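>>> Coordinates only, no sequence provided:
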């Protein structure tokens with residue numbers, strides 16, 4: 001059984017760890033509120049541009065068709081660009097490992113395709129750098145500050161240009177979408193070629209230019225908004241996961257402290273009992 005000094009040292013160490021996890025939980029909660037506000041602010045724009053895309057695509061199909069638009073061209077998926085969004089830091093439960101496992105499974109499910117990775121986040125970069133050779137780019141510091149639209153714009157332009165040049169045949173995205181404070185939703189979505197929304201009741205727009213031309217100019221904006229929103233969703237989901245993990249760690253530390261304190265009291269009581277027995281035995285021997 002550990003000595004009384006060892007138990008006191010362990011209790012002190014666990015209390016120090018508990019203070020750290022409490023502080024990390026508070027920091028993550030503050031960052032989560034800001035990230036959640038940005039996600040909620042970005043969602044209406046994404047919904048509006050998707051609805052507008054559906055109307056323009058429907059008008060283009062009715063008048064001139066959309067066969068000549070490059071970002072809608074469907075080719076056999078021999079070369080696939082996979083965007084993997086993870087966090088720059090750990091201590092967020094299974095947040096990073098779930099994304100990495102899903103991306104790894106996607107690669108295994110496409111054995112005949114050349115899957116090239118675009119890694120957003122340091123955790124994904126560190127994992128795949130040692131295990132996957134086809135890495136076309138990595139962005140390992142984007143989440144150390146607030147997500148900027150310019151970052152998503154650079155990534156979107158890069159993959160869009162590669163798709164236009166037929167260097168890749170499809171672009172997929174693996175990301176944790178923010179669902180609530182306690183849960184996130186892991187999704188794999190196809191970014192390119194763009195899958196047009198289903199036909200709906202068409203709004204009667206007056207177009208100053210041909211609908212097909214407007215559709216071709218609108219598609220890059222739609223891709224940019226998709227990637228930007230995915231980065232915002234991932235950032236919010238990361239802070240929510242870290243806050244939940246730190247709350248669980250704080251509760252576990254409290255349980256460990258209670259157990260160690262109970263053991264320490266037992267050791268101290270046993271020491272006191274032993275000393276009393278020695279005193280009584282010594283007094284009896286003198287008689």
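Now that the structure is in, tell me what you want to look at. As the structure is a prediction and not an experimental result, all values here were calculated from the model.
>>> Who are the contact partners of the nearest residue to residue 216 once chain neighbours are set aside?
Among residues not flanking residue 216 along the chain, residue 69 sits closest, at 5.0 Å (C-beta to C-beta, 6 or more residues apart in numbering). Every C-beta, even on glycine, is put in place using the N, C-alpha and C of the backbone. Contacts here follow C-beta atoms under 8 Å, 6 or more residues apart in numbering; on that basis residue 69 touches 212, 215-216, 219.
>>> ranges for the helices of the chain?
4-63, 95-109, 122-129, 149-164, 211-286 (DSSP state H).
>>> winner for burial among these?
Most buried of the helices of the chain, by mean neighbour count (mean count of other C-beta atoms under 10 Å): helix 122-129, with a mean of 20.
>>> packing partners for that helix?
Identification of packing neighbours for helix 122-129 by 3 or more C-beta pairs under 8 Å, 6 or more residues apart in numbering; DSSP states H and E yields strand 79-85, helix 95-109, strand 114-120, strand 135-139.
>>> Distance to residue 177 and mean pLDDT added to those, as TSV?
Formatted as TSV, those follow (distance: least, C-beta to C-beta, whole Å; pLDDT from 0 to 100):
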stretch	distance to residue 177	mean pLDDT
strand 79-85	10	90
helix 95-109	11	88
strand 114-120	15	89
strand 135-139	19	84
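>>> Now distance to residue 54 too, for these, in TSV please.
Listed next are the helices and strands packed on helix 122-129 as TSV, based on distance: least, C-beta to C-beta, whole Å:
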stretch	distance to residue 54
strand 79-85	24
helix 95-109	27
strand 114-120	27
strand 135-139	31
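>>> I figured residue 42 hits residue 230, correct?
No - contact criterion C-beta atoms under 8 Å: residue 42 and residue 230 do not qualify, at 10.0 Å.
>>> related to what we said a few turns ago, what's the closest of the helices and strands packed on helix 122-129 to residue 235?
Each of the helices and strands packed on helix 122-129 has some distance to residue 235 by C-beta to C-beta; the shortest is strand 79-85, at 9.1 Å.
>>> Just want the angle from that closest one to helix 122-129.
What separates the directions of strand 79-85 and helix 122-129 is an angle of 140 degrees, with axes from the mean of the first three to the mean of the last three C-alpha atoms, to 10 degrees.
>>> List the strands paired with strand 79-85, with their directions.
Here strand 79-85 is paired, per DSSP bridges, with strand 114-120 (parallel), strand 170-178 (parallel).
>>> what's in contact with the last one?
I take that to be strand 170-178. 35-36, 39, 75, 77, 79-85, 95, 98-99, 102-103, 106, 159, 163, 184-193, 226-227, 230, 233-234, 236-238, 240-241.
>>> what do you get for stretch 85-92?
Against stretch 85-92 from outside (C-beta under 8 Å, 6+ apart): 24, 95-96, 99-100, 119-125, 140-144, 173-176, 230-231, 234, 238, 241-242, 245-246.
>>> Then stretch 190-198?
Against stretch 190-198 from outside (C-beta under 8 Å, 6+ apart): 50-51, 53-54, 57, 66, 71-75, 81, 83, 159-160, 163, 168, 170-173, 219, 222-223, 226-227.
>>> Work out the gap between that stretch and the centre of the chain.
22 Å (C-alpha atoms, centre = their mean, to the nearest Å).
>>> Mind listing what's buried along it?
For stretch 190-198, the neighbour count (16 or more other C-beta atoms under 10 Å) marks 191-194, 196 as buried.
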